[in-house]
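J.: quick one: sequence and predicted model below, then my questions.
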Amino acid sequence: MGVSLFALCLWTGLIMASTAETVPACTASSTSATNMPRVAKCGSTSSTTVVPVGCLNEGMLVEGVCHCPSPYTGQRCEEAKNEIQVVTVVATINVSVTVKNWKFSPEMAIYGSSAFNSFVKIFEEQMNIFYADIPGYTGVKVIRLSNGSVIVDHEVLLQLHFSDFNASYNASMNNLTQTLQNNCTSNDKDQLCFTEGASRVTAVPLSPEDLSDECKNASVVAHNLQPYYEAQVINNTLHCVSNCSTWSPHPFHCVNGKCHITSEGPKCQ
């Protein structure tokens, strides 16, 4: 019995040793506490298979592919791009109209008061219809209400292509001026009518601050990276460039390695 038991153990050991040599080893492929799959590599030294991995930097894994928020890129959203083109920019036109069929009250002059907010709600609804055909129109922002029937100083908000901004802006200005030749908004119960000849339209040029604001838009540059990007016009196109970009006015130079933007700023890796 002792000899048979020894032979059985020896035979089992040989099988396990043989199996260990022929079956490729794998690293752990379990999921983390956040249910994001970890990296796992299997196989011999001659070939490896990479199991789909979790996305970094708030990327979304859809059907095995990471969809990255701007400016992140890479298979796992692991790297930030150094230049991001901004296709459209926000522009404004300053407008003043006098609403002649509405009685002004002193409370309306107080920004944020109930009287102010009630009038602004109606004004926005009416003007969204009235201004709808202006190229690039996205909305209005009321700045102040003052006495004189009701004088409404407001901004007309536009979204225009940067590459042909001047032509687009002028077209919107002309359309707006023409629209204000109509003395009343829609014909429903909240119709607003304007004093003829009292409307004023003023162009607002794009400023460097306006361009910088485009790089503070989270859909262009993630919040945690915004301090390391600034606006630059490159070949008549607007870009947000990082401190690692050669287009940056203040580029970060690496003696060793390549510059990468991280949430802590530029680093050489």
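T.: Here it is on my side, so go on. Numbers count the residues shown, from 1 in each chain.
J.: and the residue nearest the centre of the chain, what are its phi and psi?
T.: The centre of the chain sits closest to S219, judged by CA atoms, centre = their mean, with a distance of 0.8 Å. With angles defined as degrees, to the nearest 10, S219 sits at phi -80, psi -10.
J.: and the strands in the stretch 1-150 of the chain?
T.: Taking DSSP state E, counting those that start in this stretch, the strands of the stretch 1-150 of the chain run over residues 41-42, 49-50, 60-62, 65-67, 72-73, 79-80, 83-86, 88-99, 137-147, 150-161.
J.: pick the most buried one from the ones you listed.
T.: strand 79-80 (a mean of 22; mean count of other CB atoms under 10 Å). Every residue, glycine included, has its C-beta placed from N, CA and C.
J.: what's in contact with that strand?
T.: Here strand 79-80 makes contact (CB atoms under 8 Å, 6 or more residues apart in numbering) with P71, Y72, T73, L225, S242, H260, I261, T262.
J.: ok, the residue nearest to the centre of the chain - contacts?
T.: Counted by CB under 8 Å, 6+ apart, S219 has contacts S70.
J.: do K267 as well
T.: Here K267 is in contact with C259, H260 (criterion: CB under 8 Å, 6+ apart).
J.: how much space separates it from P227?
T.: 14 Å (CB to CB, to the nearest Å).
J.: over to A132?
T.: Taken as CB to CB, the span from A132 to P227 is 38 Å.
J.: try T237
T.: Going from T237 to P227 by CB to CB gives 23 Å.
J.: over to E209?
T.: On the measure of CB to CB, E209 and P227 end up 16 Å apart.
J.: between those two, which is the more surrounded one?
T.: Using other CB atoms under 10 Å as the criterion, E209 and P227 rank with P227 on top: 12 against 8.
J.: count the residues that sit near G74.
T.: 15.
J.: what segments of the stretch 151-269 of the chain are strands?
T.: Under DSSP E, counting those that start in this stretch, the stretch 151-269 of the chain gives strands at 200-203, 229-234, 237-242, 259-262, 265-268.
J.: helices and strands around the third one, which ones?
T.: Same thing as strand 237-242. Judged by 3 or more CB pairs under 8 Å, 6 or more residues apart in numbering; DSSP states H and E, the packing partners of strand 237-242 are strand 83-86, helix 208-214, strand 229-234.
J.: contacts for that strand?
T.: Residues contacting strand 237-242 (CB under 8 Å, 6+ apart): 71, 80-86, 89, 162-163, 211, 214-215, 220-221, 225, 228-234, 247-248, 261, 266.
J.: hmm, back to that, tabulate the helices and strands packed on strand 237-242 (JSON lines), appending mean pLDDT and distance to L158.
T.: Compiled in JSON lines, those are given as follows (pLDDT from 0 to 100; distance: least, CB to CB, whole Å):
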{"stretch": "strand 83-86", "mean pLDDT": "97", "distance to L158": "15"}
{"stretch": "helix 208-214", "mean pLDDT": "95", "distance to L158": "12"}
{"stretch": "strand 229-234", "mean pLDDT": "96", "distance to L158": "18"}
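J.: how about CSV for those, with distance to A167 added?
T.: Below are these laid out as CSV (distance: least, CB to CB, whole Å):
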stretch, distance to A167
strand 83-86, 18
helix 208-214, 18
strand 229-234, 16
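J.: so which of those comes closest to I110?
T.: helix 208-214 (28.1 Å; CB to CB).
J.: alpha carbons only: can I get that closest one in CSV?
T.: Extracted in CSV, the C-alpha atoms of helix 208-214 (Å, rounded to 0.1, in the frame of the first residue of the first chain):
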residue,chain,number,x,y,z
PRO,A,208,-9.3,87.9,-26.3
GLU,A,209,-11.3,87.2,-23.2
ASP,A,210,-14.1,85.8,-25.4
LEU,A,211,-11.7,83.5,-27.1
SER,A,212,-10.2,82.4,-23.8
ASP,A,213,-13.7,81.6,-22.5
GLU,A,214,-14.1,79.0,-25.3
